[in-house]
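> Sequence unavailable; structure follows:
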């Protein structure tokens, strides 16, 4: 199976894409992303493709959010 990699022009574009992706998972599974991620990490959810991708997207969201907050703090 081929991996599709998307390259964004800015961290803001990447953040927006992650937010849209997480919103889609929340709507599909009726659970907030933070709750899903916690339950997934505790092993309370299976390793379906959607859950693996959702957990990866949420981890990427957390990392990018932290990076953006640090950059904004540094320039403020």
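Nice, thanks for sending it over. None of these values were measured; they are calculated from a predicted model.

> backbone phi and psi for residue 8, please?
In terms of degrees, to the nearest 10, the main-chain angles of residue 8 are phi -100, psi 150.

> Below-threshold pLDDT in the protein: ranges please.
1 (pLDDT under 70).

> which of the residues in the lengthiest helix in the chain are buried?
Ranked by residue count and defined by DSSP state H, the top helix of the chain is helix 49-75. For helix 49-75, a neighbour-count test (16 or more other C-beta atoms under 10 Å) marks 51, 54-55, 57-58, 60-61 as buried. Yep, even glycine has a C-beta here, placed from its N, CA and C like the rest.

> And for stretch 30-48?
Those would be 31, 33, 36-37, 40, 45, for stretch 30-48 by 16+ other C-beta under 10 Å.

> what's it in contact with?
Applying C-beta atoms under 8 Å, 6 or more residues apart in numbering, the external contacts of stretch 30-48 come out as 22, 25-26, 29, 51, 54-55, 58-59, 61.

> That'll do, ta.
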